[in-house]
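> here's my sequence, what's the structure:
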Amino acid sequence: MVVLRIDEVPQAARDAVAAGARANGRSLRNVLLSPGLREASFARNLDLLREIEGWPGEATATVGDVLAERDAARRDRAGGADEGGAPAAGCLIRDAGGRTDVGRGGE
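Numbering: from 1, shown residues only. Predicted coordinates for the structure are as follows:
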């Protein structure tokens, strides 16, 4: 594990974040870690999207197709309930049949 440190945080800001965390039954660590993990997930998804941009072949999937697949993958992972996490991009790519017009306005 890596330790991340945030310097020069005003005490009032730290106290406000900690109070908000307590009020929601969360730890300060959890509140601060969640955005970092989400950003890391988004970065990996962007890497995968850049990778598939160069794949050959005609793409026919629409943004709506991909969003529907994303929602289905989330439901599958959560046992039927959307947990709000980012789906594995590999699943989206597989489920979209390797099509690459995702996010380019292709309909």
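
> where is the longest helix in the protein?
helix 28-53 (DSSP state H).

> tell me which other helices or strands that one touches.
Packing contacts for helix 28-53, counted by 3 or more C-beta pairs under 8 Å, 6 or more residues apart in numbering; DSSP states H and E, involve helix 11-23, helix 89-95. (Each C-beta comes from the backbone N, C-alpha and C, glycine too.)

> let me see the contact set for the residue nearest to residue 31 when sequence neighbours are not counted.
In space, and not counting its chain neighbours, residue 31 is closest to residue 21: 4.4 Å by C-beta to C-beta, 6 or more residues apart in numbering. By C-beta atoms under 8 Å, 6 or more residues apart in numbering, the contact set of residue 21 is 27-28, 30-31.

> which of these lies closest to residue 51?
residue 30 (31.5 Å; C-beta to C-beta).

> I'd like to know how many residues surround that closest one.
11 (other C-beta atoms under 10 Å).

> and if you look at the one 4 residues further on?
Neighbour count of residue 34, defined by other C-beta under 10 Å: 11.

> for it, give its distance to residue 25.
Here the criterion is C-beta to C-beta, to the nearest Å. By it, residue 34 lies 14 Å from residue 25.

> show me the shaky parts of the protein.
79-107 (pLDDT under 70).

> ok, now with 50
Residues of the chain that meet the criterion pLDDT under 50 lie in 81-83, 87-88, 95, 98, 102, 104-107.

> in stretch 60-75, what counts as buried?
By neighbour count on 16 or more other C-beta atoms under 10 Å, the buried set for stretch 60-75 is 61-62, 65-66, 69-70, 73-74.

> from those residues, pick the one nearest residue 11.
Looking across these and measuring by C-beta to C-beta, the closest to residue 11 is residue 74, at 38.7 Å.

> quickly find the element holding that closest one.
helix 63-77 (DSSP states H and E).

> over to residue 59: give its phi and psi.
phi -100, psi 140 (degrees, to the nearest 10).

> count of neighbours near it?
Counted with other C-beta under 10 Å, residue 59 comes out at 16.

> and the gap between it and residue 1?
Taken as C-beta to C-beta, the span from residue 59 to residue 1 is 39 Å.

> cool, and residue 28?
If you measure residue 28 against residue 1 using C-beta to C-beta, the figure is 17 Å.
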